[in-house]
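Enquirer: Provided below for reference: sequence and predicted model.
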Amino acid sequence: MIRFENVSKRFGTHQVLDDVSLTVPKGRILFIIGTSGAGKSVLVKHLVGLIRPDSGRIFLDDLEVTQLSEKALYPVRKRCAMVFQHSTLFDSMTLAENVALPLLKHRKLDPETADAEALRRLAQVHMEASARRYPADIGDGLRKRVAIARALTLEPEYVIFDEPTTGLDPVAAANVDQLIRSLSADFGVTSIVVSHDLRSIFKVADRVAMLYQGKVLLDGPPSAFRSTTDPVVRQFIEGRPEGPMRFPRARGS
Amino acid sequence: MTGAFTALGAMVLGVLELLGGLAILAARIGRAVLAFQLDRRETVRAFYNVGVKSWAIVALTAMFTGAIMVIQAGQFVSKAQATSFVGWAAGFAVLAEIGPVLIGLMFSGRVGANNTAELGTMVVTEQVDALRALAIDPLVYLVVPRFLAMVCMLFLLTALGDVFALLGGGITSHILIDVPFRVFIAQVVEARLLDEYLLGLAKGSVFGASIAVVSCYYGLGVSGGAVGVGRAVNNAVVVAAIGIFFTDLMVGLAWSQLWGS
Amino acid sequence: MGLLIAFRDALGLFFATWRWTFRGSLFRQRKVFLRQLHDIGNRSVLFITVTLGVLGVISVFQVLLQVERILPEFSVVGPAFIQTMVREFAPTITGLMIATRVGSGIAAELGSMVVTEQVDALRLCNADPVDYLVAPRFWACVLHTVLLTVYGGVVGVCCGAVVAHEVWEIPWTSFFSLRLVELSDAASGLMKATAYGMAIPIAAAQAGLETTGGSEGVGIATTRAVVNASFAVVVLDFLLSGLSFLLWFQGR
């Protein structure tokens, strides 16, 4: 179970998160949606301690993440993986080395075993053919798949996906959706997915939360989301340029 | 007038903040090194990268440095009719002082700046955050191997560079000031400059450490995309140069206190 | 090999800069030129003061430690130190510091403009980057290198004199003597400063304008600028020292 309790965060004068509370039950998939700059990435980075909240508490099962030191966070991060928005593969390593790195560091495997395991992981995301190439040699969408494979190598109980399907073609996006679904159904993995992709939401999500101006505007199952009468949420779903939605100020202004 | 005082105050605060940040980073690196926490593969890679990138430019710079020192010393000794001193004078200047400093400055430009750019790019593209998210400590994984590589390699490169510098000096003295190559080398050997050579090597290692800490500090502190990386590299080489001159002074003073008189 | 290609491109840039200068680039870009003058000076004065000051202290200290052992008195130390400062250390160390401070700055600035496509935008307006960007920086850098060399030399000599006076009790008047400095020394120093002042912005601008790819590219360009500019200073120092030795010394 993941629980955010009254989390607030401010960068300079800009209140990015304002008293956010959310709960994800074990084995479920929560989608977080919202306009660009609504604080979605900031919220999920709190969970693995990459960003510390100004106030509020965050729990992973019964462990309060917000209390932990950087060192004490390392065991947490092995259980809770994160797929970054911009895939963040290590430029200096081949794709296979990228995936093998967590195995070498945490499972203490010897290089050959780790490499074989990495190839197996890459095959799961259909990337085994490019295993010896470097991140700069492949496109954004492919990099994203490798980043997912890398995040899953330690078989985490929790996974955060930051826009996993953005920039992917429809078939690849459907593949990722299926992967997220099966992690939850087959392995009981609890996931948080930050996404703009409305199609994935209705296919995959158990629960949807919309962030707007740093607050949780709506939190419920996809059906509730579809039938809502809230004008801001309706504008977002229908993708209309005009409506009540106000856009966030640029960061730092 | 108040404007000037505000600017001065801001500058003093900036310098203090920089020194504090460098000290904290140095302490953290020191603790990790003493605890022998490092990634072996990354360390091997760092040694290789640092050495391969810099040895050629260091050797070339050292050769020119030796040559320049012979020309400069040559003007004094020929005037004083004391060409037997040229090996001693040029050798002394190169081994104890100019050699390590110029090699250090070159190394800072080549390896230090490159390190800042590399780490800065990793910060900007969130690769450092990705490491942390994979429960890998960036200090142990990225910084410590580079630190060790820079300290050891600048020591070795100074040792190697000195040889090239004497080579360059010998060739120049042969051509320009009528002191044959072999005579020049014999003069250097007779001058018993072992102390100066060791002093130069000590300086090399200290320069390596200060370049490493400064370049990692600026690299990890990058913010603001491509422009930020450029600015960080610029600051890193400037502060590293100041660091080289100051540590040069410190090591020189300490050396003369320990072994002088 | 990379160095040779960079050298060829830098030479091209050097001539292009002169060509644009003769077409009145500085007059047209006088605002940019004045801003560069201000920026480069502002960025470097403190840095030059610190580094050349420390250099003066170290050199006098080291030299006197040695001279103590072989000479009975120190009256020659000041004049000889000033002479070496004038013809060698003031221009060269100032040059290296400017290569570090200003060279990397120019490369970072131009590199950032290349990756954010501002340079392409200039080209689209039919404006030549050499005219707009390089020529003003070039002349600002030449002027400043010469001025800062003189300034740095003075700082270095004064700091050295303090050490000589405080530690070895050499009288000020004996230290501050120009009796060994000849016209040829001054000419050699000035020649070096001018040459460095020209080489540094060209090496830096060449690295900056050839930037490719995002933030990584800017980092690489800045690094290359520092290395190429510093190396240019060292090579020019060798060539010009050799030249002035042959011109003014060996003949006598």
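Expert: Looks like it came in fine.

Enquirer: is it true that C:G213 touches C:G111?
Expert: No: using C-beta atoms under 8 Å as the test, C:G213 is too far from C:G111 to be in contact (10.2 Å). Every residue, glycine included, has its C-beta placed from N, CA and C.

Enquirer: more crowded one of these two?
Expert: Per other C-beta atoms under 10 Å in any protein chain shown, whichever of C:G213 and C:G111 has more neighbours is C:G111, with 33 against 15.

Enquirer: What strand or helix carries that one?
Expert: helix C:104-115 (DSSP states H and E).

Enquirer: Against which helices or strands is that helix packed?
Expert: helix B:225-259, helix C:118-124, helix C:183-209, helix C:215-244 (3 or more C-beta pairs under 8 Å, 6 or more residues apart in numbering or on different chains; DSSP states H and E).

Enquirer: could you redo the last one with a cut-off of 7 Å?
Expert: helix B:225-259, helix C:183-209, helix C:215-244 (3 or more C-beta pairs under 7 Å, 6 or more residues apart in numbering or on different chains; DSSP states H and E).

Enquirer: Can you give the contact residues for stretch C:58-74?
Expert: B:92, B:96-97, B:248-249, B:252, B:256, B:260, C:77, C:81, C:160, C:163-164, C:168, C:170 (C-beta atoms under 7 Å, 6 or more residues apart in numbering or on different chains).

Enquirer: Mind giving me the ChimeraX select for those, buried ones only?
Expert: Entered in ChimeraX, the line below selects the buried ones among these, by 16 or more other C-beta atoms under 10 Å in any protein chain shown:
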select /B:92,96,97,248,252 /C:77,81,160,163,164,168,170
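
Enquirer: which pair in the contacts of stretch C:58-74 spans the largest distance?
Expert: B:D248 and C:I170 (22.3 Å; C-beta to C-beta).

Enquirer: pLDDT averaged over stretch C:169-187, what's the number?
Expert: The average pLDDT within stretch C:169-187 is 84.

Enquirer: Tell me which residues of it come out buried.
Expert: For stretch C:169-187, by 16+ other C-beta under 10 Å, it's C:I170, C:S174, C:F175, C:L180, C:V181, C:S184, C:D185.

Enquirer: Over to stretch A:28-42?
Expert: A:28-35, A:38-42.

Enquirer: OK, contacts around A:V42?
Expert: A:K9, A:V16, A:L17, A:I51.

Enquirer: wait, I meant C:A140
Expert: C:F33, C:Q36, C:L37, C:I40.

Enquirer: report the angle between the axes of the strand or helix carrying the third one and helix C:183-209?
Expert: Here C:L37 sits within helix C:30-70, counting by DSSP H and E. Here helix C:30-70 points in a direction 130 degrees away from that of helix C:183-209 (axes from the mean of the first three to the mean of the last three C-alpha atoms, to 10 degrees).

Enquirer: Centre of the chain to helix C:30-70, how far?
Expert: 10 Å (C-alpha atoms, centre = their mean, to the nearest Å).

Enquirer: buried residues in the helix or strand that that helix is followed by?
Expert: Remark: after helix C:30-70, the chain's next helix or strand is helix C:77-84, criterion DSSP H and E. Under the neighbour-count criterion of 16+ other C-beta under 10 Å, helix C:77-84 has C:V77, C:G78, C:P79, C:A80, C:F81, C:I82, C:Q83, C:T84 buried.
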